[in-house]
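*Asks:* pasting a predicted model and its sequence here:
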Amino acid sequence: MHNYGEARVEKKQVTIKTKATPEQIWKLWSDVDNWNSWDTQTEYSSLNGDFEVGTELIIKPAGGPKSKCKLIEVSPKKSFTVLGSLPLTKMYFIHELEKKGSETSITHSVEMKGPLTFMFSRIIGKNMEEELKEAMDNLAKMAENS
C-alpha cells in the first residue's frame, strides 16, 4: 500500500577511513568556495558569511540548478549539516568526523524528507552513494597531502 502525500524519508550514507586528521579535513570542509576541488559533482559553491549556524551557502551542482542552502548545525572539527530545499522536500547534507586511534572516519549522509521524496530519490539519489564515495575519497587524499 502506498502512502501518497505522507512525509517520506530516504537516506544515503557512506563512511570511509583516512589517515588525515579532523583538523585537516575540517580545513577543506569549511573552505566552501573550493568544495569543487574535491567534489566533482559541485560546479561551484560560495559561503555568504562565516562557517557557522545560520549562514547561507550557494551551491551549483554539476548539471543542476543553483540553489540556496543554510548551515543548520556546526560543531568545529566534528560535524556540520547543510539544509537545502526542493519542492515539497527538504534535503539534509550531514558531514561527520570521528577520530579513532591513528584514523579518522568521515561520514557523509544525505536525508530527503517530504511528500515528493519518492520522486527526488529516483532522480537525484540514483548515483548518490557512488558520488558521495568519490567526493570523500578525493577529500581524504587532499587532506592527507595538506
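*Replies:* Great, that's in hand.
*Asks:* which other helices and strands does the strand or helix carrying Leu28 contact?
*Replies:* Assigned by DSSP states H and E, Leu28 falls within helix 22-29. Under the contact criterion of 3 or more CB pairs under 8 Å, 6 or more residues apart in numbering; DSSP states H and E, helix 22-29 touches strand 89-100, strand 103-114, helix 128-144. The way it works is simple: take the backbone N, C-alpha and C, and place the C-beta from them, glycine included.
*Asks:* give me that answer again for 10 Å
*Replies:* strand 79-86, strand 89-100, strand 103-114, helix 128-144 (3 or more CB pairs under 10 Å, 6 or more residues apart in numbering; DSSP states H and E).
*Asks:* give the rounded mean pLDDT of the third one.
*Replies:* Spelled out, that is strand 103-114. Here strand 103-114 scores 91 as its mean pLDDT.
*Asks:* again with stretch 132-146
*Replies:* 93.
*Asks:* report the inter-axis angle for the next helix or strand after the helix holding Leu28 versus helix 128-144.
*Replies:* Using DSSP H and E, the helix or strand that follows helix 22-29 towards the C-terminus is strand 42-47. When axes from the mean of the first three to the mean of the last three CA atoms, to 10 degrees is applied, the directions of strand 42-47 and helix 128-144 differ by 60 degrees.
*Asks:* now strand 42-47: buried residues?
*Replies:* If you call a residue buried by 16 or more other CB atoms under 10 Å, then strand 42-47 has these buried ones: Thr42, Ser45, Leu47.
*Asks:* what's near enough to touch the second one?
*Replies:* Okay, so that is Ser45. Ser45 makes contact with 31-36, 39, 57-61, 66, 69, 82, according to CB atoms under 10 Å, 6 or more residues apart in numbering.
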